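Colleague: Sequence first, predicted coordinates after that:
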Amino acid sequence: MKFNELYLLRLNGILLGPMMVRNIYKSNVIWESYPFLPPTSASGLLAAVLEGERWHEKNGLKPRQLHRLPNWETVWALGAYPDGGNFSRLHYRNHVGSLKFNYEAHVWKTGQGIGKKLATVQEYYAEQLQFVIVSSDVKQLEEFQSHVIGRLARIGKKGCIQITYSAPVQPTNLKKGIATGNEDSLGIIPFVEVGDITVESARLYAVPVTLSLEGKEIWSNSLQCLWSSSFGDLRFRSGVEVYHTEESEYAISNKLLESICSEI
């Protein structure tokens, strides 16, 4: 990124039900939620809060992202992350109505009654998510906060989230620099930038960071990232480019931000 400094806004949202944000590399009969909102999902949700819901995101409609909305081009969502939480037990769900299942056909075949199985499902339960939002303009972040605070929005397949009512949060100043290896990661961190890691709590995900429209289909570009449910268990590798606080307590990945902003 060309900016030498950015401003960070962290907003809390209360989850009103389980979260099912489908993992992009699971099949049509294995549904597993990400335990966080990827950048694309967080950006789309915040765009919906600002502009209002619409029924679907395909059939020729461009995918909505916060930084593609007029007047919000320099505001980027880097995801939303829980402070603790758990996956549900593995359970089954009928996802084709009254259609008869065919357990002999291959699962990847398509057609009426071909390859259809009961879906195995794991949702994620958490009390709240913290949205990580950055901008080069502190005034725009303050204005954004006033627009979304207290609003409700759908999340995942059947959940709902409310941006919590609270006093305005002062954005934090972040400066571009080189990681020392002592900074904690705020959210996900690209795998190639990981330094110290607590293996027991961290997990690797293919995380969608950008969306594009090709014909009438929406495609995502992903980045291999690590995430831990315990803050402080992931640290940057010394020498990578980051945006960090003045005390270098925590940082965000410049590579992640550049991947999200690759179209500008």
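Modeller: Yep, it's here. Numbering: from 1, shown residues only.
Colleague: which parts of stretch 35-53 are buried?
Modeller: Going by neighbour count (16 or more other Cβ atoms under 10 Å), the buried part of stretch 35-53 is 35-50. In this view, the C-beta of every residue, glycine as well, is placed from N, C-alpha and C.
Colleague: what do you get for stretch 145-158?
Modeller: 145, 148-149, 153, 155-156.
Colleague: And for stretch 210-230?
Modeller: For stretch 210-230, by 16+ other Cβ under 10 Å, it's 210-211, 218, 222-223, 225-229.
Colleague: picking that back up, filter the buried residues of stretch 145-158 down to the ones in helices?
Modeller: Judged by DSSP state H, the buried residues of stretch 145-158 include 145, 148 as members of helices.
Colleague: tell me, how many neighbours does E247 end up with?
Modeller: E247 sits with 8 neighbouring residues when counted by other Cβ atoms under 10 Å.
Colleague: For my notes, confirm it occurs in a helix.
Modeller: No. The assignment for E247 by DSSP: H, G, I helix; E, B strand; the rest coil gives coil, which leaves it out of any helix.
Colleague: Can you check the pLDDT for it?
Modeller: Reported pLDDT at E247 in the predicted model: 80.
Colleague: now do L141
Modeller: Confidence at L141, expressed as pLDDT, is 93.
Colleague: What of S98?
Modeller: So, for S98, pLDDT stands at 58.
Colleague: can you check S88 too?
Modeller: 82.
Colleague: Quick one, which of the buried residues of stretch 145-158 has the minimum pLDDT?
Modeller: When those are compared by pLDDT, G156 scores lowest at 83.
Colleague: if I look at that one, how far off is G84?
Modeller: Relative to G84, G156 is positioned 18 Å away (Cβ to Cβ, to the nearest Å).
Colleague: wait, V121 sits on H91?
Modeller: Yes. V121 lies in contact with H91 (Cβ atoms under 8 Å); the separation is 5.6 Å.
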